[in-house]
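Q: Here is my input; please provide its structure:
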Amino acid sequence: MALNLPKRTRIVLLFLLGIALPSLLLGYLAFRGVQNDRALLEKNRANEHRGIAEKVSQSLDDRLRAAEQAFQEFLLKRDRDNRSEMIVQFDNLKTENLLIREVFTILSSRQIRFFETPLLFHSSGSISSPGLSSLDPSVVRMLQQGQQLEFQKKDYWKALAIYRQALRRASDPHTRGDVLGKIARVQKKAKLLHEATNTYQTIAEEHSKVQITKGIPMGLAARLEMGALLFEMEDFAKAWDVFIQLYRALLNGEWMLEEETFNFYSARIHDSITGILSQESPSEQLQSQKGIFQELMEKENIKREETERLLLFQENAFTEWEHEALPFGKDSTVGEQRLTVEIGTNEYLVCLLQNHSAENEIWGLLIDSFYLKNSFLPNVLQMSISSEDTDWIIRGRNREMILASANPPTGSLTVKSDFFGNFPDWTMEFYQADPRLLDAFLTSRRGIYFYMFILIAGILVFGLILTIRLLTREMELSRMKSDFVSTVSHEFKSPLTSIRQIAEMLHAGRVPSEERRQKYYDVLLEQSERLSLLTENVLSFAKIEEGKREFVFERVDIETFLINIVSTIQDRVRHDGFAIEAKIEKSLPPIMADASAITQAITNLIDNAVKYSGDSKKVIVRAYNDEQSVVIAVRDYGVGIKKEEISKVFDRFYRGGDELTRTVKGSGLGLTLVKQIIEAHRGSIQVESEPGKGSVFSMKLPLDPNKG
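A: Just a heads-up that it's a prediction; the model follows:
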């Protein structure tokens, strides 16, 4: 037995049972499939990331083993090669194995000594001053006599002669260099600046490494004085060359200096070069070479930082290794050991090796962490990672970020892995960007899920739109039909009431005059014609809707035809003060049309113009030829139609939303019927309207609808 449910409820139930419920079930199954595929994809990505971590660790381990093996081979050759060749081989070793930053040996005294390390300076007290040479007593007497003449008597010329005599008798390099320094000093005091410059140059060339007080090399002091003399003589170009060459030699570690001494001479060189550049008119060449000084200062900053780092390691490494039982002895073996040492904020990566060709000799490789972080690991990771969605971070032992991919990780952590042997003591983390929902569909191995979702979504959207439109139309039609029944009932009731009242008055003889009686007859005629038009509209609409209305086409003379219609309606509305004017173009050709249907259409348009005329009482009916058609236009000067409602005025049961138009009596079928009649004649109808200025309805009828 069928449920007696409203039509709208039945539509909703059909949508839920026939479309929504099956679609949701299929969508759930497809979503579960995608979830399973996504879980499998995440598992595969985790395995892929573990493989990447192992590959990176293996690559680093292989490079470290290659460096260790190369250094072992270097140690085997060390005993049978001379020192100069060893230095060349050591430089080649570091060039071919970029992971090796420095090499050091661990002495039995638990001290660390670097092998040919170009430090800028050494820690204070690490350099001993040279012992005094045994001097010839006659040379000593000459020097004492010369100093007395120089400092007490200020007789620089005699002092200079005594110093030169002592130079001829001195034989060892240290004494000769010391005497030359005294000669240059006296020459400077005697204003023999060129001679003093030449003497300092001789010291720099012949006694460069000979040390004086506090381990200061004579060559360093002589070059500084030579540059100062050239500056005093305003030979800025030569002074520039001397100071720049001296700066380069200082940075290249030509002399072994303590930190305090290095800082003193570095500051003196800076001040001297700055003094040359600050001259009012330095030469163009000096001005263009200003960048050289900037580069050397940057080099000093870098090497100073590295020197301080290496000295910190040299002085404190064993303190950090106290828990490491580094073996020393005849039968001890270290083999290979890798460890991470933290001293303050510095981290050192160390590989310890034992020299198999020498007892009690332990060597260490200091790994270049800068190259490891900024070159080696990024290159290996870049070659190992194929997916652009994979991001990574390398963290230190304190969880600080050491290195990261170009894009910051936005997805979830998939793998966390250490390096082989926990060296370095860092952690690799890999992240995978969470796929968007669309990506999950597209990357699913079961591509059918994607199309299933599209189909389900399409069905749901289509069904929902269709249901909403059906419900909306059903509700609208119900409302319109209700309004139509109410309106038509009122339309019938109003003229019937008027006819009945007037008829009763005429029958009872209560009409005071013949003029009033004639007016009542006009009203009776008007109301009866309105009833007739309303009845005819309803019946015609019903027939057209059911497809039962038949049109009989015949020749119609438009001019006579329109004049009769306008005259009839004018007589009907004359008592209300309306003026209906006909403007008909001369010599209009006749048309083939159903006269009664066209009469009904024109009457409806004129009746509509009268009802919505507002305060205006004028209606104009025009007819003119337009190529193979005749246009009949009805114009009023009334309330007009809003722009957004023009497209709806021909809908059945539709009436404008304006309160003024809703107070006008009507069924909402007149314009609908007009459009149906015109279209049955293969014509068209257009509307031009502006609120407050009236409307124009133009019917375009072909001369012969059978030729359209």
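Q: secondary structure element for Tyr247?
A: Applying DSSP states H and E as the criterion places Tyr247 in helix 236-251.
Q: Please apply the same query to Arg397.
A: With secondary structure defined by DSSP H and E, Arg397 is part of neither a helix nor a strand.
Q: same deal with Tyr348?
A: Per DSSP H and E: strand 346-354 holds Tyr348.
Q: Restricting to C-alpha, output that strand in CSV.
A: Extracted C-alpha coordinates of strand 346-354, given in CSV (Å, rounded to 0.1, in the frame of the first residue of the first chain):
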residue,chain,number,x,y,z
ASN,A,346,83.3,24.2,19.6
GLU,A,347,82.9,20.7,18.2
TYR,A,348,85.8,18.7,16.8
LEU,A,349,85.5,15.6,14.8
VAL,A,350,88.6,13.4,15.3
CYS,A,351,89.9,10.2,13.8
LEU,A,352,92.7,8.6,15.8
LEU,A,353,95.2,6.3,14.1
GLN,A,354,98.3,4.4,15.2
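Q: Tell me the strands beside it, with direction?
A: Next to strand 346-354 in the sheet, as set by DSSP bridges, lie strand 336-343 (antiparallel), strand 362-367 (antiparallel).
Q: Deepest-packed of those, please.
A: strand 362-367 (a mean of 23; mean count of other C-beta atoms under 10 Å). (Each C-beta comes from the backbone N, C-alpha and C, glycine too.)
Q: hmm, back to that, contacting residues around the helix holding Tyr247?
A: Helix 236-251 has contacts (C-beta atoms under 8 Å, 6 or more residues apart in numbering) with 120, 220, 223-224, 226-228, 230-231, 255, 262, 265-266, 269, 272-273, 276, 279, 282-283, 285-286, 289, 292-293, 296, 299-300, 303.
Q: same thing with stretch 418-425?
A: 56-58, 60-61, 64, 338-340, 347, 349, 367, 369, 372, 396-397, 426-428.
Q: How about stretch 568-584?
A: Taking C-beta under 8 Å, 6+ apart as the rule, stretch 568-584 contacts 519, 522-523, 525-526, 529, 558-559, 562-563, 566, 603, 606-607, 610, 613, 617-623.
Q: and the residue nearest to the spatial centre of the chain, what does it touch?
A: Geometric centre of the chain, nearest residue: Asn407, 10.6 Å, by C-alpha atoms, centre = their mean. Residues in contact with Asn407 (C-beta under 8 Å, 6+ apart) are Asp391.
Q: Give the helix, strand or coil label for it.
A: The three-state label given to Asn407 by DSSP: H, G, I helix; E, B strand; the rest coil is coil.
Q: can you check the one 10 residues further on too?
A: Under three-state DSSP, Ser417 falls in the strand class.
Q: Please pick the buried ones from the contacts of helix 236-251.
A: 120, 220, 223-224, 226-228, 230-231, 255, 262, 265-266, 269, 272-273, 276, 282, 286, 289, 293, 296, 300, 303 (16 or more other C-beta atoms under 10 Å).
Q: So which of those residues sit within helices?
A: If you go by DSSP state H, the buried ones among the contacts of helix 236-251 have 220, 223-224, 226-228, 230-231, 262, 265-266, 269, 272-273, 276, 286, 293, 296, 300, 303 in helices.
Q: Comparing the strands paired with strand 346-354 by mean pLDDT, which bottoms out?
A: Per-stretch mean pLDDT for the strands paired with strand 346-354 is lowest at strand 336-343 (a mean of 85).
Q: Any idea which helix or strand in the protein has the lowest mean pLDDT?
A: Ranked by mean pLDDT, DSSP states H and E, the weakest helix or strand in the chain is helix 659-662, scoring a mean of 48.
Q: can I get the CA coordinates of the next helix or strand after it in PDB?
A: Going down the chain from helix 659-662, the next helix or strand is helix 670-680, by DSSP H and E. The C-alpha coordinates for helix 670-680 follow below in PDB (Å, rounded to 0.1, in the frame of the first residue of the first chain):
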ATOM      1  CA  GLY A 670      -2.600  37.700 -19.800                       C
ATOM      2  CA  LEU A 671       1.100  38.200 -20.900                       C
ATOM      3  CA  THR A 672       1.800  34.500 -20.800                       C
ATOM      4  CA  LEU A 673      -1.100  33.900 -23.200                       C
ATOM      5  CA  VAL A 674       0.100  36.800 -25.400                       C
ATOM      6  CA  LYS A 675       3.500  35.200 -25.700                       C
ATOM      7  CA  GLN A 676       2.000  31.800 -26.500                       C
ATOM      8  CA  ILE A 677      -0.200  33.200 -29.200                       C
ATOM      9  CA  ILE A 678       2.600  35.200 -30.800                       C
ATOM     10  CA  GLU A 679       4.900  32.200 -30.800                       C
ATOM     11  CA  ALA A 680       2.200  30.100 -32.400                       C
END
